[in-house]
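Trainee: coordinates for the following, if possible.
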Amino acid sequence: MSSPSPQRILPQLISALIQRHFSLNPTLLPSPHFPGFSSSLLQSLLASLPRFFPSPPLPSLAFSFFSWAQSHCHFSHNEMTCREMARLLAKSNSLPSLWLFLRKNQALVTTATVTALIAALGEVGLPKPALNLFYRMKQFHCKPDVQCYNTLILVLCQNRNFNKARFLLDQMELPGARCKPSLYTYTIFITFYCKRGLETGCKKAIRRRIWEANHMFRLMVFNGFVPDVVTYNCLINGLCKTYRIGRAHELFDEMIVKGVLPNRITYNSFIRYYSVVNEADKAVKFMREMEEREHGKPSSSSYTPIIHSLCESGRVNEARDLLVEMVQRGHVPREFTYKLVCDTLRRKGGENLSEEICRKIETGIRERIKQVMRVRPVECTS
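Mentor: Coordinates of the predicted model:
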């Protein structure tokens with residue numbers, strides 16, 4: 001068995017020292033033989049701290065260590081370490097400490113710092129502080145770039161603040177605006193109009209959001225942007241999930257004409273749609289066409305909805321054959337899919353799966369469970 005790399009074990013060791021000593025003795029002196037911290041090491045160490053500490057004592061311990069590295073190890077903090085410390089405070093929801101820290105280290109705050117903090121605040125569901133930070137950028141003598149705008153728009157859309165996100169887009173589209181929207185800007189709106197509309201469960205809201213996604217797509221094209229496969233996939237997926245299959249096919253044909261090659265994600269949207277509406281033959285046809293046109297190889301996410309649809313339709317032998325094909329191609333089905341096929345075969349009197357196939361599937365499922373399991377670091381106790 002190979003030993004852990006120093007890059008992985010060192011943050012754990014130092015985190016243990018922080019937990020054991022810094023809460024009691026923040027004036028701990030480093031060894032005279034200690035060569036000091038590099039910028040990258042200190043940055044990775046600060047990034048790893050949330051994995052080892054519960055939230056309440058984390059900000060104070062981290063800040064004590066941040067100050068100790070400067071005062072006792074003579075480390076000069078830079079933009080990267082300042083950014084990482086600020087991200088830690090943001091993710092810990094320590095907003096008063098965050099604003100104070102940014103004011104004290106104003107000279108080290110850059111546009112990249114603010115962008116990273118907006119993303120961090122979005123991750124913990126704090127869109128309002130993220131928006132406040134955006135409008136405070138002038139205080140730090142930095143200006144937003146398109147990446148900063150896109151990050152904030154993403155955070156707002158993730159939290160369903162579409163009106164504020166759209167206001168930012170309108171600002172970017174103004175004549176003479178310093179930051180013009182990018183293709184990714186429009187893709188964010190298209191993605192979340194589809195996603196959030198579907199989550200409402202309300203037909204009227206879904207129709208409204210899908211209309212807005214289509215409108216955003218046309219606006220993007222009108223402004224001279226050429227949609228890429230990611231943008232097409234976002235809209236096609238939303239259309240398929242809302243049963244607007246005609247418009248989805250129009251976009252699919254448009255992709256081919258414009259030379260934007262569909263990929264497996266594109267085909268899987270259609271495969272899922274036809275599987276849901278019990279048109280498994282069309283789903284299989286799409287899967288075969290994907291391979292024939294060399295647009296991608298079927299994955300477990302391609303096979304699974306078709307197998308479920310065939311089982312629900314009582315076409316158990318075809319479901320079994322697809323499951324066998326899937327396994328022979330090196331894909332491991334989900335445990336639910338495997339049990340569904342086995343139960344349907346027993347109920348309908350179909351030919352059972354061979355022992356070899358069953359062994360492969362069960363071994364694959366066990367291996368996948370092992371991969372999913374993560375060993376949690378042991379916290380030191382005093």
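
Trainee: check which element follows the longest helix seen in the chain along the chain.
Mentor: Longest helix in the chain, counting residues (DSSP state H): helix 203-222. Using DSSP states H and E, the helix or strand that follows helix 203-222 towards the C-terminus is helix 229-241.

Trainee: which strands and helices sit next to that following helix?
Mentor: On a contact count with 3 or more C-beta pairs under 8 Å, 6 or more residues apart in numbering; DSSP states H and E, helix 229-241 meets helix 183-200, helix 203-222, helix 245-258, helix 264-276. (C-beta placed from N, C-alpha, C; glycine too.)

Trainee: CSV for those helices, including distance to residue 334?
Mentor: Formatted as CSV, the helices and strands packed on helix 229-241 follow (distance: least, C-beta to C-beta, whole Å):
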stretch, distance to residue 334
helix 183-200, 22
helix 203-222, 27
helix 245-258, 26
helix 264-276, 15
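
Trainee: which strands or helices does the longest helix of the chain pack on?
Mentor: In this structure, helix 203-222 makes packing contacts with helix 183-200, helix 229-241, judged by 3+ C-beta pairs under 8 Å, 6+ apart.

Trainee: which parts of that helix are buried?
Mentor: 206, 209, 210, 212, 213, 214, 216, 217, 220 (16 or more other C-beta atoms under 10 Å).

Trainee: residue 191 versus residue 157, what's the distance?
Mentor: Note on residue 157: its distance to residue 191, by C-beta to C-beta, to the nearest Å, is 8 Å.

Trainee: the stretch 251-382 of the chain: helices as residue ranges?
Mentor: In the stretch 251-382 of the chain, the helices defined using DSSP state H, counting those that start in this stretch lie at 264-276, 280-292, 300-312, 316-328, 335-348, 355-372.

Trainee: for residue 311, give me its contacts.
Mentor: Contact analysis of residue 311 by C-beta atoms under 8 Å, 6 or more residues apart in numbering lists 319, 340, 341, 344.

Trainee: which pLDDT does the model give it?
Mentor: At residue 311, the model reports a pLDDT of 93.

Trainee: same check on the one 4 residues further on?
Mentor: What the model reports as pLDDT for residue 315 is 92.

Trainee: which residues does it contact?
Mentor: Counting by C-beta under 8 Å, 6+ apart, residue 315 has contacts residue 280.

Trainee: roughly how far does it sit from residue 341?
Mentor: 11 Å.

Trainee: under the pLDDT cut-off, which ranges of the stretch 251-382 of the chain? List them.
Mentor: 374-382 (pLDDT under 70).

Trainee: if you set the cut-off to 80 instead, what comes out?
Mentor: Where the stretch 251-382 of the chain drops to pLDDT under 80, the residues are 349-351, 371-382.

Trainee: middle-most residue in this protein, spatially?
Mentor: residue 123 (10.2 Å; C-alpha atoms, centre = their mean).

Trainee: which non-adjacent residue is nearest it?
Mentor: Distances taken as C-beta to C-beta, 6 or more residues apart in numbering place residue 91 nearest to residue 123, at 6.6 Å, with adjacent residues excluded.

Trainee: that neighbour against residue 124, yeah?
Mentor: Yes. With contact defined as C-beta atoms under 8 Å, residue 91 and residue 124 form a contacting pair (5.7 Å).

Trainee: those two: who's more crowded?
Mentor: Shown here are residue 91 and residue 124; by other C-beta atoms under 10 Å, residue 91 has more neighbours (19 against 12).

Trainee: per-residue confidence at the more buried one?
Mentor: For residue 91, the predicted pLDDT is 86.

Trainee: near residue 364, how many other residues are there?
Mentor: With other C-beta under 10 Å as criterion, residue 364 counts 16.
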